[in-house]
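*Asks:* I'll drop the sequence and a predicted model, then ask my questions.
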Amino acid sequence: MSLKKKLVIAYSGGLDTSYCAVSLSKEYDVHAVSVNTGGFTQNEINSIEENAYKMGVSTYKNINAVPSFYQKVIKYLVFGNVLKNNTYPLSVSAERIIQAIEIVEYAKSIGAEFIAHGSTGAGNDQVRFDMIFQTLAPQIEIITPIRDKKLSRQEEIDYLKANGIDMSWEKAKYSVNKGLWGTSVGGQETLTSEKPLPGEAYPSQLKNEGEEKVTLTFEKGEFVALNGVKSESYKNIELLNKIASAFAIGRDIHVGDTIVGIKGRVGFEAAAALITIKAHHLLEKHTLTKWQLQHKEYLASFYGMHLHEGQYLDPVMRNIEAFLQSSQENVSGDVTVSLRPYHFSLDGIVSKHDLMNAKFGSYGEETKGWTPDEAKGFIKIIGNQNKIYQQVNS
C-alpha cells in the first residue's frame, strides 16, 4: 500500500501535463483524469490512457461530460445567444468550467489531498481552474509546477528525456482544442494583430460545393430536432456540426480581453454553435416581445462575460439562468437555414407563437388593430417629452 499522498492531475496528454505527471509521481500517488467535453474520440482516449501510465500515474480516468456540459452551460449560451464581442461562442472558456468541476468532484470522491494542472501563469485557464478548485474544495491544495517554476518547453522536454520518457514532443504548427461547442486554433499568426490564419490551419476543409438546406426545431429554446429527426440536443449539435463543417462554415478570429488583463487573439471554427445561436435568435425575434429581447440581451452579455472570467459558481449566474429559462416559454418552432461554402443564411421560421401575425396588421402596408386617428393621437403623446425639452431649452 502506497504511503504517498493522493494527488489528482488534470491530464491532457500534452507536454505540460506529462511533465507534471512524471515529476509529481516521484512524491505523490498520482491519479490522472481527463474530461471529455466533446473533443475526444475513443482512439484518442485510449492513447492518452496508455501515455498516462508511461508517465507513472497510478490510475487514469476519462469522464464523459458532454451531456452535463450541454445541460449546465451550452443550453444557457443558446438561450442567451451569447457571442463574446459579437463574435466568439465561448467554445474553450465554457468547457474549462465543466472540466474543472468534474475534476474537483473526482478528487473529492477518491479522497485526494492535492490537485495539479499544467497551466502557465500567462493565460485564462489558471484562473478558471484555481477558482473552481478553491471554491468547491478549499481543503485541497493546488499544485502548478509549470507556473511555479516558470519552465520553458525545452526544459520540460529535457527533464522527460532524462527520466526515460523519449517521445515526440515537437510542437505542432497550430494548437487545436476541439470541443462540442467549437474548436479553437492558435498559431504564429494569432500572436500578431494583422495576420489571418491560413485556410489549412482550420481542422475542417471544404468538401461540399453546392447548397444544402437544414431545418432546426426548437422547443422552449432547446434544439430538439434536426431535419425533423428528434434527438438529444447535444447530439443534434454534433450532427449539425458534421454537416456544416463540410462547407467550411464557422471560421473566424476572436480578439478579446483576457482575465489577466492583456489582449488575446485566437482563431476558431464553430459551425454548429454559430448556426444554432443565429437560428435561435431569429426565432426569438419572431416570438418574444420588444422588452424581452432588450433585457435578455444585456443579461446574456453579463452571463457570457462572467462565464469567461471563471465566475460560473457565483449565485448571480443561477439568477440569470432562471431569467433566460423563463424567457424561452414560447420560443418553439422550425428555422430553415441554407448552407453554402464558407457561409450560411437564415431563410425563415414557422411557429405557432409567431408575433408577426397578419390579423393585427402588416408593417408598412395596412392597420387592423387601430384607426388613423388613434395613430395620430399616439404619435402626439409619445412625442411630448421631446417637444417639452426642445421648447424649454431653445
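*Replies:* The structure has been received and is ready for your questions.
*Asks:* centroid residue for the protein?
*Replies:* Central residue of the chain (C-alpha atoms, centre = their mean): Ser91, 2.8 Å from the mean position.
*Asks:* test my guess that it contacts Ala273.
*Replies:* Yes - Ser91 is in contact with Ala273 according to C-beta atoms under 8 Å; the separation is 6.7 Å. Yep, even glycine has a C-beta here, placed from its N, CA and C like the rest.
*Asks:* what touches both of those two?
*Replies:* Trp181, Gly182 (C-beta atoms under 8 Å, 6 or more residues apart in numbering).
*Asks:* beta-bridge partners for the residue nearest to the residue nearest to the centre of the chain when sequence neighbours are not counted, please?
*Replies:* Spatial nearest neighbour of Ser91, chain neighbours left out: Gly182 (3.1 Å); criterion: C-beta to C-beta, 6 or more residues apart in numbering. Gly182 forms beta bridges with Gly179, as assigned by DSSP bridges.
*Asks:* run a quick neighbour tally on Gly182.
*Replies:* Neighbourhood size, Gly182 [other C-beta atoms under 10 Å]: 26.
*Asks:* OK, contacts around it?
*Replies:* For Gly182, the contacting residues are Pro89, Ser91, Val92, Gly250, Phe268, Glu269, Ala270, Ala272, Ala273, taking C-beta under 8 Å, 6+ apart as the criterion.
*Asks:* ok, 7 Å please
*Replies:* By C-beta atoms under 7 Å, 6 or more residues apart in numbering, Gly182 lies in contact with Pro89, Ser91, Phe268, Glu269, Ala270, Ala273.
*Asks:* same question for Leu180.
*Replies:* Counting by C-beta under 7 Å, 6+ apart, Leu180 has contacts Thr37, Gly38, Val66, Phe69, Ile74, Tyr234, Ile237, Glu238.
*Asks:* what's the local residue count around the fourth one?
*Replies:* For Phe69, the tally of surrounding residues (other C-beta under 10 Å) stands at 26.
*Asks:* domains in this structure, by residue range?
*Replies:* Taking automatic domain parsing as the domain assignment, the ranges for the chain are 6-162, 175-288+330-350, 363-393.
*Asks:* Leu313: which of those domains is closest?
*Replies:* domain 6-162 (5.2 Å; C-beta to C-beta).
*Asks:* can you give me how far the closest one is from the chain middle?
*Replies:* Averaged C-alpha coordinates place domain 6-162 at 16 Å from its chain's average position (C-alpha atoms, centre = their mean, to the nearest Å).
*Asks:* ends of that domain, how far apart?
*Replies:* The first and final residues of domain 6-162 sit 25 Å from each other (C-alpha to C-alpha, to the nearest Å).
*Asks:* so where's the stretch 1-150 of the chain shaky on pLDDT?
*Replies:* Scanning the stretch 1-150 of the chain for pLDDT under 70 picks out the ranges 1-2.
*Asks:* quick one, strands of it?
*Replies:* 6-10, 29-36, 59-64, 114-116, 141-143 (DSSP state E, counting those that start in this stretch).
*Asks:* what about the nearest residue to Ala21 once chain neighbours are set aside, distance to Ile48?
*Replies:* Excluding the flanking residues, the one nearest Ala21 by C-beta to C-beta, 6+ apart is Met55, at 3.7 Å. Distance of Met55 to Ile48, computed by C-beta to C-beta, to the nearest Å: 11 Å.
*Asks:* of these two, which one has the most company?
*Replies:* Between Met55 and Ile48, Met55 has the larger neighbour count (other C-beta under 10 Å), namely 25 against 19.
*Asks:* spit out the contact partners of the more buried one.
*Replies:* By C-beta under 7 Å, 6+ apart, the contact set of Met55 is Ser18, Ala21, Val22, Ser25, Ile165.
*Asks:* out of those, which is nearest to Glu211?
*Replies:* Ranked by distance to Glu211 (C-beta to C-beta), the contacts of Met55 are led by Ser18 at 45.3 Å.
*Asks:* could I get the contacts of Met55 in a markdown table, plus columns for neighbour count and distance to Gly121?
*Replies:* Output for the contacts of Met55, formatted as a markdown table (neighbours: other C-beta atoms under 10 Å; distance: C-beta to C-beta, whole Å):
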| residue | neighbour count | distance to Gly121 |
| --- | --- | --- |
| Ser18 | 26 | 19 |
| Ala21 | 27 | 20 |
| Val22 | 21 | 21 |
| Ser25 | 19 | 23 |
| Ile165 | 18 | 24 |
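*Asks:* okay, stretch 58-73 in CSV with CA atoms only?
*Replies:* The C-alpha coordinates for stretch 58-73 follow below in CSV (Å, rounded to 0.1, in the frame of the first residue of the first chain):
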residue,chain,number,x,y,z
SER,A,58,-1.4,5.1,-10.5
THR,A,59,-4.7,5.3,-12.3
TYR,A,60,-6.3,7.0,-15.3
LYS,A,61,-9.9,8.0,-15.7
ASN,A,62,-11.7,9.7,-18.6
ILE,A,63,-15.0,11.4,-17.7
ASN,A,64,-17.7,11.8,-20.3
ALA,A,65,-19.1,15.2,-19.5
VAL,A,66,-20.8,16.0,-22.9
PRO,A,67,-24.4,15.7,-21.6
SER,A,68,-23.7,17.7,-18.5
PHE,A,69,-21.7,20.3,-20.5
TYR,A,70,-24.8,20.9,-22.6
GLN,A,71,-27.2,21.0,-19.6
LYS,A,72,-25.1,23.2,-17.3
VAL,A,73,-23.7,25.6,-19.8
